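Predicted model, plus sequence, below.
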Amino acid sequence: MRVLVVEDEVKMASLIRRGLRDEGLLADVAVTGEDALWMAAATAYDAIVLDVGLPRLDGFGTVRRLREDGVWAPVLMLTARDAIEDRVAGLDTGADDYLVKPFAMAELVARTKALLRRPGHALGVTLEAGNVALDTVGRDVRVGAAVLPLPRQELAILEHLMRRLGRVVPKAVLEEKLYGTDETPESNAVPVHVHHLRRKLAEAGATPEIHTVRGIGYLLAERPG
Ligand code: CA
């Protein structure tokens, strides 16, 4: 397991690295958000410990850029208390967990390990949402026990929504995943795929549903009740 630690204070960064290494986790340090972006592009990290207080590109900006770049490693955000209350109230920052400074190293290690155990952090996992399961290697989807055949684009959309279960995935991110940055997709391509996917999930009796967040994107969530 390899963890990227993003922290500009050198002493704090090396404390965290040592704490993780004592638990048998490899850890690399990036001292800026910009460094974190290229390091995460070059290496498949299993988790990212990200300080909010970074020069220029802060932790919130960094996690947003990571997600836009298709980096889905779980992120543990380190923050001062007042900063987090501002942001977490209703805003999807893209982080998976938060730890308020000052923290005990044992707590940071425990939270990091919890993220590493979550589905979606590594290759070869089955993502689950309600009664829907997506095998990221076999590339098949099941609703309950039944296989739900899906074309490649719909499966890719479903995978991204499942990796971000309960959170909004911007439409632009889905477009980039489907078409790469060189091609310009038809402006309605993603909505059309989502429309088909939503109908197929409903017909198959899936418990989670795809919601449209107007002007932003889509979100997969369990049906209430
Ligand atoms: Ca800092």
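On my side now, so go ahead.

Surely Thr136 and Thr126 touch.
Yes: between Thr136 and Thr126 there is a contact under C-beta atoms under 8 Å: 7.2 Å. Backbone N, C-alpha and C define where each C-beta goes, glycine included.

When the two are compared, which one has more neighbours?
Thr136 (18 against 15; other C-beta atoms under 10 Å).

Report the separation between the more buried one and the ion.
With the distance defined as C-beta to the ion, to the nearest Å, Thr136 ends up 34 Å from the ion.

One more: His196?
Taking C-beta to the ion, one finds His196 at 45 Å from the ion.

Give the full set of residues in contact with Leu76.
Listed by C-beta atoms under 8 Å, 6 or more residues apart in numbering, the contact partners of Leu76 are 47-50, 95-99, 108, 111-112, 115.

Output those residues in CSV; the columns should cover neighbour count.
What follows is the contacts of Leu76, written out as CSV (neighbours: other C-beta atoms under 10 Å):
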residue, neighbour count
Ala47, 28
Ile48, 27
Val49, 29
Leu50, 26
Ala95, 25
Asp96, 22
Asp97, 15
Tyr98, 18
Leu99, 18
Leu108, 19
Arg111, 20
Thr112, 26
Leu115, 19
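
Can you tell me which of these is nearest Leu20?
Thr112 (6.6 Å; C-beta to C-beta).

For that closest one, pull up the helix or strand it's in.
For Thr112, the host element (DSSP states H and E) is helix 105-117.

and if you look at Gly19?
With DSSP H and E as criterion, Gly19 is part of helix 10-22.

Residues touching that helix, excluding its own?
With C-beta under 8 Å, 6+ apart, helix 10-22 has contacts from 3, 5, 7, 26-29, 31, 49, 51, 105, 108-109, 112.

quick one: average confidence on the helix or strand Glu175 falls within?
Glu175 belongs to helix 171-179 when elements are defined using DSSP H and E. Mean pLDDT, helix 171-179: 79.
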